[in-house]
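Engineer: Quick check, what structure comes out for this input:
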Amino acid sequence: MPMMRAVDAIVLILEKEDATEAFGLPGAAINPLYSAMRQHGGIRHTLHRHVEGASHAADGYSRASGKIGLCLGTSGPAGTDMITGLYAAIADSIPMLCITGQAPTNVLHKEDFQAVDIESIAKPVTKYATTVLEPGLVPGTFAKAFQIMRSGRPGPALIDLPINVQLAEIDFDIDAYEPLVPTKPQATRGQAEKIVDLLLSGKRPIIIAGGGVINANASDKLVALAEELNIPVSPTLMGWGIIPDDHRLQSGMVGIQTHTKYGNETFLASDVVLGIGNRWANRHTGGLDTYRAGRKFIHVDIEPTQIGRVFSPDLGITSDASAALDLLLEIVRERKSAGTIPDYSDWANECTARKSTNHRKTNFDNIPIKPQRVYQEMNAAFGQDTTYVSTIGLSQIAGAQMLHVYGPRKWINAGQAGPLGWTGPAALGVVRGKPGEKVVALSGDYDFQFMIEELAVGAQFKLPYVHVVVNNSYLGLIRQSQRPFEMDYHVSLGFDNINSPETNGYGVDHVKVAEGLGCKAVRVTDPAKLAEGFAEANRLADEHQVPVVVEVILEKVTNISMGAQLDAVNEFEDLALEVGDAPTALVPMTSGARANA
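Structural biologist: Just a heads-up that it's a prediction; the model follows:
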């Protein structure tokens, strides 16, 4: 067998595993791997300004492409910087590989410079974390890591490589290396029959489609099942886009924060619920007494310990979503041919008609701008091919209530962890994963400021996207959550900027910062200028191939609809009373279908 350095074998393995997109920072302890990448080629590397940013970019790439992104850095501070990125990935079942360079094995017990036990630190936020102490273990360790990341519920891994292990010569033949087959549980025919029996026992069944369907690349199968049965589908936040928003059976998102009013109403009218590839997250369910009342539940998930974790379903099946959907489609089509499928036309039509009711008003002309108007104009400005990237805050919640998504992997969101600062670097990874496609990020000003230096990465590597920053100079979601305490404490970001008086007390001059980092920026203060601002941003991104920031100056205090129960969501703004109040609603408001003010 050929002799080569362990790092040369690693690069060959990464290429064969189809993990060829890397984000990171070189350093002394990881330089051997960088030397192998430079010599071999085949792996594209994006140099970041912060290792946490690199981890979020790898995460964004993985979510957008369905492949496994790489994050590279040294073991000490670089490795610890990766932990937030690993947490965001494991929380949402995203496979991502972090590789860290470590001090030599003979000094790991001597508190060597930047030597930290990153394996132990990373284990709670990975599916697999290890420090490779013997060079001969390198190929098998990488093979195992890729298999584990792809098996069952996907998730990230971290491999820590002491520098002497990287440089050691090993026997390795890439032609003899084959990726290990991932293990994925599959429902049996008998289990699928039981699912169909219980689902069709109801008069008003509904499907809750989670991110596991997207991970399984099974969105088309899910839509086909809904169409065969003629029953509505509500995507979770992580499953948004599985069924296009304008599909007649897309019944609206359910939740106490990210939801539509008609989506909650349809769910509360249902009597049997099939959840597939979902977690019953608390922001989706709200209070379980309300969520479960009067309904039977079926839960299909790839991870057996997810079934019964939040509540015990009437039927729980462990299965990969794609495999389960194959069987469900087969059985449903057989029964349809036999004429034994109930007619759900009235229920489906009722749910479709409900989409023309209870719209939230978006067409505000206020100055400073109300956030609802921003999402209305985004719907008008960005087409159905747009991929949105967002993570946390009132901007994400309101965006998920009012924006429209038309396909899988077109809503990229760190849904469970929600780390501030994730959006910008993740958007760069999405651009890498979707070259040439329209990418639009959405942040509040605080999320944007957390990793603002990553804009320079987009400028350096020509990664164009539009970043909409809704600036109210407040920690808006935290301020809203302080209302029960009757306080507004340490949540204002506003100050008089001595260098930019034109910011009028809103503090940071995001336009100057973005321009200083090599990007373009537009500031909008008048709602009538939003369309023009978005058009200019699209033009600048196309012309200069860099990120373009659209800073929208909002009113400082806006409360966004949310509550503790699906039937008790607080509305803080007027609801739409006529078509013109919500001009970009998916189904225009019809006469007799006005919202209850």
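Engineer: hey, where'd the helices end up in the stretch 101-250 of the chain?
Structural biologist: All helices of the stretch 101-250 of the chain, identified by DSSP state H, counting those that start in this stretch, fall at 118-122, 138-150, 163-167, 189-199, 211-215, 219-229.
Engineer: With respect to burial, which of the ones you listed scores highest?
Structural biologist: Highest mean neighbour count of the helices of the stretch 101-250 of the chain: helix 211-215, a mean of 28 (counted as mean count of other C-beta atoms under 10 Å). Glycine gets a C-beta too; all of them are placed from N, C-alpha and C.
Engineer: For that one, enumerate the helices and strands it packs against.
Structural biologist: helix 321-338 (3 or more C-beta pairs under 8 Å, 6 or more residues apart in numbering; DSSP states H and E).
Engineer: ends of stretch 305-321, how far apart?
Structural biologist: End-to-end span of stretch 305-321 (C-alpha to C-alpha, to the nearest Å): 15 Å.
Engineer: Likewise for stretch 328-347?
Structural biologist: Stretch 328-347 end-to-end distance (C-alpha to C-alpha) = 21 Å.
Engineer: Return the helix or strand in this structure with minimum mean pLDDT.
Structural biologist: Using mean pLDDT, DSSP states H and E, helix 476-481 stands out as the lowest-scoring helix or strand of the chain, at a mean of 85.
Engineer: contact partners of that one?
Structural biologist: For helix 476-481, the external contacting residues (C-beta atoms under 8 Å, 6 or more residues apart in numbering) are 392-395, 397, 444, 488, 491, 557-560, 562.
Engineer: Next: stretch 575-586.
Structural biologist: 245-246, 261, 355-356, 358-363, 376, 379-380, 404, 574, 588-589, 594-597.
Engineer: do that again at 7 Å, thanks
Structural biologist: 245-246, 355, 358-363, 376, 379-380, 404, 588-589, 594-595, 597 (C-beta atoms under 7 Å, 6 or more residues apart in numbering).
Engineer: re the thing from before, then the least confident helix or strand of the chain to CSV, C-alphas only?
Structural biologist: Provided in CSV are the C-alpha atoms of helix 476-481 (Å, rounded to 0.1, in the frame of the first residue of the first chain):
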residue,chain,number,x,y,z
GLY,A,476,-36.9,43.4,20.8
LEU,A,477,-37.8,39.8,21.8
ILE,A,478,-36.2,40.2,25.3
ARG,A,479,-38.0,43.5,25.8
GLN,A,480,-41.3,41.9,24.9
SER,A,481,-40.6,39.0,27.3
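Engineer: can you map out the strands along the stretch 1-150 of the chain?
Structural biologist: 3-5, 21-24, 44-47, 69-74, 96-102, 128-131 (DSSP state E, counting those that start in this stretch).
Engineer: Save these as CSV, and put in mean pLDDT too.
Structural biologist: Shown next, in CSV, are those (pLDDT from 0 to 100):
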stretch, mean pLDDT
strand 3-5, 96
strand 21-24, 98
strand 44-47, 98
strand 69-74, 97
strand 96-102, 98
strand 128-131, 98
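Engineer: Switch those strands over to TSV; also include mean neighbour count.
Structural biologist: Below are the strands of the stretch 1-150 of the chain laid out as TSV (neighbours: other C-beta atoms under 10 Å):
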stretch	mean neighbour count
strand 3-5	16
strand 21-24	26
strand 44-47	17
strand 69-74	28
strand 96-102	29
strand 128-131	20
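Engineer: Mind putting those strands into CSV with distance to Ile307?
Structural biologist: Compiled in CSV, the strands of the stretch 1-150 of the chain are given as follows (distance: least, C-beta to C-beta, whole Å):
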stretch, distance to Ile307
strand 3-5, 45
strand 21-24, 34
strand 44-47, 38
strand 69-74, 29
strand 96-102, 25
strand 128-131, 23
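Engineer: Work out for me the element Glu551 sits within.
Structural biologist: Here Glu551 sits within strand 548-553, counting by DSSP states H and E.
Engineer: List of residues touching that strand?
Structural biologist: Residues contacting strand 548-553 (C-beta under 7 Å, 6+ apart): 368-369, 374, 466-471, 506, 510-511, 514, 519-525, 530, 533-534, 537, 540-541.
Engineer: after it comes which helix or strand?
Structural biologist: Once strand 548-553 ends, the next helix or strand along the chain (criterion: DSSP H and E) is strand 562-563.
Engineer: strand partners of that next one, parallel vs antiparallel please.
Structural biologist: Strand 562-563 has these partner strands in its sheet, going by DSSP bridges: strand 569-570 (antiparallel).
Engineer: coming back round to it: now the strand holding Glu551, how far from the chain's geometric center?
Structural biologist: 22 Å (C-alpha atoms, centre = their mean, to the nearest Å).
Engineer: could you dump that strand to PDB, C-alpha only?
Structural biologist: Extracted in PDB, the C-alpha atoms of strand 548-553 (Å, rounded to 0.1, in the frame of the first residue of the first chain):
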ATOM      1  CA  VAL A 548     -25.500  44.000   0.400                       C
ATOM      2  CA  VAL A 549     -27.000  45.200   3.700                       C
ATOM      3  CA  VAL A 550     -30.500  46.800   3.600                       C
ATOM      4  CA  GLU A 551     -30.900  48.500   7.000                       C
ATOM      5  CA  VAL A 552     -34.500  49.400   7.700                       C
ATOM      6  CA  ILE A 553     -35.100  51.900  10.500                       C
END
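Engineer: That one: partners in the sheet, and parallel or antiparallel?
Structural biologist: Sheet pairing of strand 548-553 (DSSP bridges) gives strand 466-471 (parallel), strand 520-524 (parallel).
Engineer: got the buried residues for the last one?
Structural biologist: In terms of neighbour count (16 or more other C-beta atoms under 10 Å), strand 520-524 has its buried residues at 520-524.
Engineer: Residues in contact with that strand: which ones?
Structural biologist: By C-beta under 7 Å, 6+ apart, strand 520-524 touches 510-511, 514-515, 530, 533, 536-537, 540, 544, 546, 548-553.
Engineer: so which of the buried residues of strand 520-524 comes closest to Ile118?
Structural biologist: Proximity of these to Ile118 (C-beta to C-beta) peaks at Ala521, which lies at 37.0 Å.
Engineer: What distance do you get for that closest one to Val546?
Structural biologist: 10 Å (C-beta to C-beta, to the nearest Å).
Engineer: what's the overlap in contacts for these two?
Structural biologist: The contact lists of Ala521 and Val546 share no entry, where a contact means C-beta under 7 Å, 6+ apart.
Engineer: ok, Gln186 touching Ser319?
Structural biologist: Yes - under the criterion of C-beta atoms under 7 Å, Gln186 is in contact with Ser319, at a separation of 5.6 Å.
Engineer: more neighbours, those two?
Structural biologist: Ser319 (27 against 15; other C-beta atoms under 10 Å).
Engineer: Which among the strands paired with strand 548-553 is found nearest to Ala324?
Structural biologist: Closest approach to Ala324 among the strands paired with strand 548-553 (C-beta to C-beta): strand 466-471, 37.1 Å.
Engineer: Give me the contact list for stretch 291-303.
Structural biologist: Against stretch 291-303 from outside (C-beta under 7 Å, 6+ apart): 152-153, 184-185, 195, 198-199, 202, 212, 270-277, 285, 307, 311, 313-321, 324, 566.
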